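*Asks:* with the sequence up front, the predicted model follows.
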Amino acid sequence: MKKSVVLLCIVVVLGGFYFDQSKVPHQKQINQLNLTECQRLMIVAHPDDETIWGGSHLLKGHYLVVCLTNGKNEVRKNEFMKVMKQTHNQGIMFDYPDKTEGKRDRWIHVQQDIKKDVSYLVHKKDWQMVITHNPLGEYGHIHHRITSQIVSLQASNENLYYFGKYYKRKKVPAHLNEITNKDEKEKRKLTNIYASQKKVMKHLNHMMKYENWIKAKDWRSL
């Protein structure tokens, strides 16, 4: 009798596991990826975030870059995928809402689905690094902040990194570490691919030479 109960419990637990897995919104799309060469996972809210906050890192390759929004926006998708091709990285885009009826969507109705996708991705492989937006959302963007919160709950602090701190144009510290001139030149070639985002690139131009990623466990000490 006891053995039967134990067996039933195991079946229920395993059944629940597989049931939950089947609910991952983009599981099929994720499973179609060849992750053999991917060692690092980057999760961003929008196409262009990966380049603005991590372009010089992407030049080193071996990344899977996951973009949560604009998967059905052909212009943004083409720009993102071109950056992936140029940097020899894998990219995947989901279609969570960026704007709804012209206003920034607050993700109230999709956060649970995003959590499922992120959890599945983070545990899909033993990643060397998991990189995402910092808790402040860089300059405070709500999608960046929510993405950071969700990824932080799923990833281990040991291999979780955040994008560097954002500074206003006139408040950039004088001795802040810069990427190399060579990397900055290559990074700006990537930003030029985002022709649809010229205003954004101009607004954040002063931050392009800085990519001081921070280990999650060191974030609070800043």
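*Replies:* Sure, I can see it.
*Asks:* okay, and for this structure, where does confidence drop off?
*Replies:* Residue ranges of the chain with pLDDT under 70: 1-22.
*Asks:* if we go to 50?
*Replies:* 1-19 (pLDDT under 50).
*Asks:* identify the residue nearest the geometric centre of this protein.
*Replies:* Ile43 (1.2 Å; Cα atoms, centre = their mean).
*Asks:* wait, that one touches Thr69, no?
*Replies:* No: taking contacts as Cβ atoms under 8 Å, Ile43 lies outside contact range of Thr69: 11.6 Å. No exception for glycine: its C-beta is placed from N, CA and C like everyone else's.
*Asks:* quick one: which helix or strand includes the residue nearest to the centre of the chain?
*Replies:* strand 40-44 (DSSP states H and E).
*Asks:* if we look at that strand, which residues are touching it?
*Replies:* 50, 53-54, 58, 62-68, 118, 121-122, 125, 127-133, 147, 151 (Cβ atoms under 8 Å, 6 or more residues apart in numbering).
*Asks:* what does stretch 151-162 give?
*Replies:* With Cβ under 8 Å, 6+ apart as the test, stretch 151-162 has contacts from 43, 115, 118-119, 122-123, 127-135, 148, 213-217, 219.
*Asks:* again with stretch 135-149
*Replies:* 43-46, 49, 53, 68-69, 98, 104, 106-107, 111, 114, 132-134, 152, 162-163, 165-166, 219.
*Asks:* repeat that for 6 Å
*Replies:* The contact list for stretch 135-149, computed with Cβ atoms under 6 Å, 6 or more residues apart in numbering, reads 45, 107, 132-133, 166.
*Asks:* please apply the same query to stretch 104-118.
*Replies:* Stretch 104-118 has contacts (Cβ under 6 Å, 6+ apart) with 24-26, 96-97, 146, 150-151, 154.
*Asks:* quick check: buried residues in that stretch?
*Replies:* Across stretch 104-118, burial judged by 16 or more other Cβ atoms under 10 Å covers 105, 107, 110, 113-118.
*Asks:* what about stretch 130-146, start to end distance?
*Replies:* Stretch 130-146 has an end-to-end distance of 16 Å (Cα to Cα, to the nearest Å).
*Asks:* tell me, how many residues neighbour Val24?
*Replies:* 19 (other Cβ atoms under 10 Å).
*Asks:* my guess is it contacts Tyr120, does it?
*Replies:* Yes: if you go by Cβ atoms under 6 Å, Val24 and Tyr120 touch, sitting 4.6 Å apart.
*Asks:* thinking again about what came up before, make a markdown table out of the buried residues of stretch 104-118 and add secondary structure and distance to Ala174.
*Replies:* Shown next, in a markdown table, are the buried residues of stretch 104-118 (DSSP: H, G, I helix; E, B strand; the rest coil; distance: Cβ to Cβ, whole Å):
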| residue | secondary structure | distance to Ala174 |
| --- | --- | --- |
| Asp105 | coil | 38 |
| Trp107 | coil | 37 |
| Val110 | coil | 41 |
| Asp113 | helix | 44 |
| Ile114 | helix | 38 |
| Lys115 | helix | 40 |
| Lys116 | helix | 44 |
| Asp117 | helix | 41 |
| Val118 | helix | 37 |
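*Asks:* just the strands in the chain please.
*Replies:* 40-44, 63-69, 90-96, 99-100, 103-104, 129-132, 160-162, 214-215 (DSSP state E).
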